[in-house]
Each structure stands twice: as C-alpha cells, then as structure tokens.
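Engineer: coordinates only, sequence not included:
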RNA sequence: GGUCCCGUGGUGUAGCGGCCAAACAUGCGGCCCUGUCAAGGCCGAGAUCGCGGGUUCAAAUCCCGUCGGGACCGCCA
C-alpha cells in the first residue's frame, strides 16, 4: 500500500499516528540541518520534515529531491512546535516526521511552474496538459466540473430520469453545422457522422417510451473555434414526454437553482424565478437574444422624436423602415473624441455606418454630432427619455433593425466592461421565449428554422406557416446566463403531417426528407407522445461558474483555435494502408503539396 | 475567407531607434545554513529579442513578408 492517508486529510486528530503518504514534491525548503517538503496530492498539501537525527538516510536523500518528483514517505504525524503552525494550510496544525523516504520517480524540471498560479503560455500549457492539470486552478476546475455533472445525475435520477447512451457513429445531416464524417470500411463510399447532438435519437427514445431521458452527451461540430466553442463539447441532453414548455423550463430552473446553491454557494443568482422575456422584448431592450441582464444601459428608441429632425442620417434610416436607438452610457460624458472614435469602430464591426452621440459633460457642456438639428425642447425630451444627466454620454445608431440591435447590443456589453458593471459573482439567468419560428435566408432565398427542424410551432401559429411564416412563433426556449446562451430547447413536433409541412416550408425536397429523416417520419406514425427537451452546454456553464474566460480552461484536453490537439498533435496523416482499407483517396488543395 | 492583438533566457515580465553582445523576478547548478512554509544568504550558468527581408551611420525597438498563438467577424439548424 502506497498511502494510508491523503496529504490533504491529515489534521490534529491524526497526531500520534504512523502514516504512509505518497505524492509530488510541491516545494522543498532545505535549511541545511532540517529539510521541509510540502508534499502534494490531489487532496491537498502537508508538510513533511526530514531531520538528520530521526532519519539520517531520508535527510541525505532529500538533498537530491527536486520539484515534482514523486516520493513516498512513512512517518509520524505530530503537532507542529509552538509558533510554527501555518494557518494558511488546512493541514497547518500538524506535520509528518519522516522515518523512511522513498523516491518513486524523479522528474525533469517542468516547462512552467506547477506550484505558482502565474500565467504560462497557453500553447505550452496545452502541450504539457498533464502537467497543467496538476496546477491548483485546473484541479479546481476539473473538480468543479465533476461536481456539476454529479449534481445533474443525482438530481435527474431523483426526478425519475434514465441516463441512456446513444450512438457516436450515426447518420450525416447536412442541415445545420458541418458534420465530422467517419468513413466506413465495410461500405465503400459511405460514411457515418459524429452527432452534432443526439437530437433525433432522444426523440426516438421518447417514441420508445423512455419518457424521461438524459445524457451527458458529447457533441461534434466541424465549425471554426471561439472561446466558448470547441469541435467536441458536452451537453446535458434531456428530453421528456407529455410536457409543455413550462414543464421543461420549471424543471431546469429548479435544477440550476439548487445546483448553484450546492456547487458554488458563494455565487448569487440575480433573480429567482428566472426572468422570462419574449424574443421581441430582449431585442428591443438589449439588442441580443442572449442578453446580460446584470446591468442596465438598455436601448432606448428615439425614432419618433427625431423623425423629421433634418439630420439626414436619422431621416434616411427611418424612411427606409429602420429606426434610431440609443444607449445612455452613464458617466462617460467626458469621453474624448478619440475614445468615442473607438466606440464607433466597435459598432462599425457589426454593420453600423457610424455612431451619433451627445456628450453632456460634467460642466454642462454639450458636444454632439447632431444636436444642432435639435430644438432645445426636443433635446430636452431626448434627455428625459434617456434619463440623461450631466456627465452622461448618449450614443445612437440609426439603421435597419438588425444592424441597430446587433451593434448597440455589442456596444452595451462593451460599455458595461468599461464601466465595470459585470459582477462575476452574480449569475443572471433568464429565459428567452417566443422566437420567430423561421428566419428568411436571403442568400438561399428560403426559410430556415430559427432553432431546428423538429421544433414545434406555437399551436395557434400553425396556420401562419402557409400564409405568413415570418410571423409564426416557435415553441422554443433559450436559457441565458450572463451574456452566454447556455442552453436551448423546444417542444418538438410529434405529428407526421406537421413535420412534413415544416420540411416543405424550409424547402426540403420530399425525397430528400424521406431519405434523411424517413425513420423519424415513420416513427411518428406509431403513437408518438408529445415531447420536448433542452440541451444545456456543460462546458459553458462550468466556464461561467469557474469564472474562466474560455471553455478550454474547464476541459481536460481541449483543442486549440485551429482545432488541433497540440499535445498529441492531432489530426495527423493516416497511413496509405489505412486509407486504402477505407476506400479513401486524399486530394490536396492546390496550394499544398 | 477577413480584421485586430501578441511573440525578449526554462517561465513571467521590463526595455519600444544609440545608454542593451539586453534588465528584473522566478526557475536551474553550486556552496552556507536545524523551524521554514513564495525560507534565507552568497556565487554561477542561461536569450544572436519567433523567422526572413528592408529602412537607417545605428534595429529587440520602425516598415514589409512569413510562421506560431490568441480575440473577433463570417460560420456555429
């Protein structure tokens, strides 16, 4: 037996016990006479003492020991001498007087320090991820993730859910994200696809009478990376039969509320019950369908006030069906021209042609791109509507709706960062409902599902699918947390005729629909219960709870921005023999040889 | 496909036309030291400043290209 106890568990109650410990050398303090080693394992740190009088061999051996060597000791737990306690350490009341010391494995000097929380180059961290995982921050993140998943499993089990595994090798669906394909050896020219999500399978489990299903499911999407997006990621995939959308939302809300209390009790939920917003409302107020509601700075419509102001930027936007909205950036009234230009650059990235402003300085001076077009009375009305005081900066975008929302929505978050309004200890959950059922795809000249093609429209909007599809709403709900969409779900279609109608609406040819989704359509004819579900993203949730800036920090072995595993160096070329077996020939793009 | 930012000893940073064949901290090697806990003291090794080209009397520093990394746009039903 290597260890009778973990390093982290020893307390005063163990005094007098002889213990065996094993772990990594966290730090060594060699005083010439006596040597201290902080011995670390996953459970914590404990100080071990090597004294030449009690352990001459051990003390001698300890001279050669370096950081991250793996050692084993056997010794006596004893109270530290008066005044030598370390209150910063849970084990600080005691120490272990070593009798025998054994080196289990020496270690090369690591490429970055394990015992220090100093930023190391991320590429190096990923290359030596197994060392990075030893660091306290990563250990905490991995543990947090375990707690989150454990809570989910326990909670859903108690609610009568079954965890069911679904295939990783499945069928390609060209709709939506790009698939990762897996060639079939047995069937030349045919491919499996890794699931973008187990969407169809969980619905078929409902047909199969499972009623309450969940899975901690790995999902795969071959799209470009972001801080919150990896090629493979994990969802809590969940589906229930005989439910309406409120049933799903209530369950998830209860689960998260209790999870937060248990897993991160130091965090505060902004509002329980979670606020529920209609899509239209969040767009008008926050400019995004994943709003951060921890702070104000809401968008204000002033189109009606400036309609005939004579300021051509505003007039033209309104005349061509758009509008003018603004944000009161509280307290930024003394921003310089240069600082405002930076904000203008930001909104330009999102399609705005410019940023009109009224800066109301703390001295009461007005600097503005367009105030000269406003009567003093009209200016006053705008100030009132936007609750502007001395020292405020009013920022406006005039354009079509999408551009105004997108640019101001982004500007709003950016301003909140500048104004330090984002409290990391506040978790602002909210629901967004009543999404448009379909959105017009101008490039392809067709309607695309705003969620996915199995989502049910609102029952009363079904007639609209034929008359005015853009007006129809879907039975979809998104769960949003602090500026991130952390989950989306819907009540599904369980009726073959309605499903076929939706396929038709989104321009899916009947033959193609049958080839790709025939199994779904057929299943719907065998007594399919009404059902719905949701799929919260585990990585994003853990990222937010851990206060990390990207999901790589909560994934043990993530890929980099180029979708590469820099530790194992994947992807990598395959042997010719493998390719032949798979009936695959590689055709390189012209700029590669 | 595009925009922006970064690249200096093992690690983290400083230097941003001449004072720099590069500074500080930490790590690394050696010596001293029996109560430290980021132990301390002394000594030492370690970077042609990612790479290539250009501007200049002079480049880590400015410009162009390239490679690597990151953030974002497009993309992500």
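Structural biologist: Ah, there it is. Here the structure is a predicted model, which is why all the values come from computation and not from measurement.

Engineer: in the stretch 401-550 of chain A, which spans are strands?
Structural biologist: A:426-427, A:429-433, A:438-441, A:446-449, A:476-481, A:484-491, A:531-536 (DSSP state E, counting those that start in this stretch).

Engineer: For residue A:110, find the nearest of these.
Structural biologist: strand A:484-491 (33.2 Å; CB to CB). (Each C-beta comes from the backbone N, C-alpha and C, glycine too.)

Engineer: residues of that closest one that come out buried?
Structural biologist: Using 16 or more other CB atoms under 10 Å as the burial criterion, the residues of strand A:484-491 that qualify are A:484, A:485, A:486, A:487, A:488, A:489, A:490, A:491.

Engineer: so what's the second one up against?
Structural biologist: What that stands for is residue A:485. Shown in contact with residue A:485 (CB atoms under 8 Å, 6 or more residues apart in numbering): A:289, A:290, A:478, A:479.

Engineer: Between these, identify the one with the most neighbours.
Structural biologist: residue A:479 (25 neighbours; other CB atoms under 10 Å).

Engineer: who does it bridge with?
Structural biologist: Residue A:479 has these beta-bridge partners by DSSP bridges: residue A:431, residue A:487.

Engineer: Next, the contact list for it, please.
Structural biologist: Residue A:479 makes contacts with A:252, A:256, A:274, A:429-431, A:485-489, A:534, A:536, as judged by CB under 8 Å, 6+ apart.

Engineer: which of the residues you listed lies closest to RNA strand B?
Structural biologist: In terms of CB to the nearest atom of the strand, no member of the contacts of residue A:479 lies closer to RNA strand B than residue A:488, at 7.7 Å.

Engineer: what about whichever residue of the stretch 351-500 of chain A sits closest to RNA strand B, how many neighbours?
Structural biologist: Of all residues in the stretch 351-500 of chain A, residue A:452 sits closest to RNA strand B, at 3.4 Å by CB to the nearest atom of the strand. By the criterion of other CB under 10 Å, residue A:452 has 18 neighbours.

Engineer: now swap in residue A:561 and tell me
Structural biologist: Around residue A:561 sit 14 other residues, with neighbours defined as other CB under 10 Å.

Engineer: What pLDDT does the model give the nearest residue to it once chain neighbours are set aside?
Structural biologist: For residue A:561, ignoring the flanking residues on the chain, the nearest one in space by CB to CB, 6 or more residues apart in numbering is residue A:225 at 4.8 Å. We note a pLDDT of 94 for residue A:225 in this prediction.

Engineer: list the contacts for residue A:225?
Structural biologist: Residues near residue A:225 by CB under 8 Å, 6+ apart: A:231, A:559, A:560, A:561, A:562, A:563.

Engineer: any idea how far residue A:179 is from the spatially closest residue to residue A:538 that is not a sequence neighbour?
Structural biologist: Spatial nearest neighbour of residue A:538, chain neighbours left out: residue A:234 (4.2 Å); criterion: CB to CB, 6+ apart. Note on residue A:234: its distance to residue A:179, by CB to CB, to the nearest Å, is 18 Å.

Engineer: coming back round to it: the residue nearest to residue A:561 and RNA strand B: what is the separation?
Structural biologist: With distances taken as CB to the nearest atom of the strand, to the nearest Å, residue A:225 is found 6 Å from RNA strand B.

Engineer: Residue A:71 now?
Structural biologist: The gap separating residue A:71 from RNA strand B is 15 Å, by CB to the nearest atom of the strand.

Engineer: Who does that residue form a beta bridge with?
Structural biologist: Each beta-bridge partner of residue A:71 is listed here: residue A:23, residue A:103, as defined by DSSP bridges.

Engineer: And the pLDDT for it?
Structural biologist: 96.
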